[in-house]
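Engineer: sharing a model prediction with you, sequence too.
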Amino acid sequence: MTVITLTILLFALGIGTSLTFVSSHWLLAWMGLEISTLAILPLMAQHHHPRAVEAATKYFLIQATAAAVLLFASTTNAWISGHWDIQQTSHPLPLTMVTLALALKIGLAPLHSWQPEVLQGLELNTGVIMATWQKLAPFAILAQIQTPNSLLLITLGIASIFIGGWGGLNQTQLRKVLGYSSIAHLGWMILVLQYSRPLALLALLLYIIVTYATFTLFMLKNVTSVKSLFALGAKNPILTTLLPFLLLSLASLPPLTGFLAKLLILKELAKQGLAPTAALAIAGTLLSAFFYVRLSVATTLTLAPNTTTSTAPWRLMTSRLTMPLSISAVLAVALLPLTPALLALLTY
């Protein structure tokens, strides 16, 4: 793929997401979602590998189905209420259809099964776009919907937390692990979305920061499986030390950044009188924490044989991506002390 083509596709990706951000009309928001989908498909299939083509095909079919349901729901809302304003969608039928369509787009359980499979078939640099940037536009529409169905969102959130944790337990491919991690984290955001939209957006931002740092580290060392983590210590001891911090931040263990969002969400759920829901969310998070700790153990407590094959990549180490990795890693590990400042921004 040439530089000009890549630039055009990335520009279209940004335009589509931005169009959805600024739209209050259903048709414009739908157009933004479709532009983003059509822009990322060539990036997915740029390497003519059967797995990449399969992933792009699955992604296209899923996104087209969700877009069709979303367009039908918005048309139904316009037929019932007489307007196309996103914030005025309050009838139960189109509201439920819109919520389920957007849940399918971002991969919430039980509409999640496509996400780990698609992510596994992509290159890491395309996978990070799908796991982070492509969540923004559908989430922006969810945040604009007025008076969402609370029972439906709570059900989707709890199911995503448990299925995301359970599905990642026995995975050996890191992209599938990160796919199930995305499902679990999105469940937390959906739980709190109807009670505090700024808090849900903060959780999404922190998830993007930590996930981007993890993907960047994997790209830097071309690590794609749990087995390849065993040799990471011989290739680069510094990155071997950094990776467990990123994984444990995804697991939301204190005092790392990932704990910040879960702490604030639990506080908000308790404030809304949803202590049983918060307890279920914590129980589901323990499943996710288990496979993150397993990856950390595979990284730090094992050592590959010190052979020429295992040390050659260390001698030929490149400096690309080190600046984005350093910035995102610091944010992914050390933002917890700034909790009072972030809370002040939320309440501003």
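Structural biologist: That came through, no problem.

Engineer: Leu104 and Pro110, how far apart?
Structural biologist: Plainly put, Leu104 is 10 Å away from Pro110 if you go by Cβ to Cβ, to the nearest Å. All C-beta spots, glycine's among them, are computed from the backbone N, C-alpha and C.

Engineer: look at these two and report which has more neighbours.
Structural biologist: More neighbours surround Leu104 than the other of Leu104 and Pro110, with 21 against 12 (other Cβ atoms under 10 Å).

Engineer: part of a strand, is the more buried one?
Structural biologist: No. Counting by DSSP: H, G, I helix; E, B strand; the rest coil, Leu104 is located in no strand; its state is helix.

Engineer: secondary structure element holding Leu142?
Structural biologist: Assigned by DSSP states H and E, Leu142 falls within helix 136-144.

Engineer: could you find the closest non-adjacent residue to Ile158?
Structural biologist: The shortest distance from Ile158 to any non-neighbouring residue, by Cβ to Cβ, 6 or more residues apart in numbering, is to Leu280 (5.4 Å).

Engineer: the one you found reaches Ala159, doesn't it?
Structural biologist: No. Counting by Cβ atoms under 8 Å, Leu280 stays clear of Ala159, with 10.2 Å between them.

Engineer: what sits against Thr17?
Structural biologist: With contact taken as Cβ atoms under 8 Å, 6 or more residues apart in numbering, Thr17 is in contact with 32, 36, 133, 136-137.

Engineer: give the contact list for Val333.
Structural biologist: Applying Cβ under 8 Å, 6+ apart, the residues contacting Val333 are 245-246, 249, 256-257.

Engineer: now which of those residues would you call buried?
Structural biologist: Among the contacts of Val333, those classed as buried by 16 or more other Cβ atoms under 10 Å are 245-246, 249, 256-257.

Engineer: switch those residues over to JSON lines; also include pLDDT.
Structural biologist: Listed next are those as JSON lines, based on pLDDT from 0 to 100:
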{"residue": "Phe245", "pLDDT": "91"}
{"residue": "Leu246", "pLDDT": "91"}
{"residue": "Ser249", "pLDDT": "91"}
{"residue": "Leu256", "pLDDT": "88"}
{"residue": "Thr257", "pLDDT": "89"}
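
Engineer: would you turn those residues into JSON lines with distance to Ile145?
Structural biologist: Putting those into JSON lines (distance: Cβ to Cβ, whole Å) gives the following:
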{"residue": "Phe245", "distance to Ile145": "36"}
{"residue": "Leu246", "distance to Ile145": "33"}
{"residue": "Ser249", "distance to Ile145": "30"}
{"residue": "Leu256", "distance to Ile145": "32"}
{"residue": "Thr257", "distance to Ile145": "28"}
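
Engineer: now, which of the residues you listed sits nearest Lys271?
Structural biologist: Nearest to Lys271 among the buried ones among the contacts of Val333: Thr257, at 22.3 Å, using Cβ to Cβ.

Engineer: OK, contacts around the closest one?
Structural biologist: 206, 209-210, 249, 331-336.

Engineer: again, only this time at 10 Å
Structural biologist: Contact analysis of Thr257 by Cβ atoms under 10 Å, 6 or more residues apart in numbering lists 206, 209-210, 213, 245-246, 249-250, 330-339.
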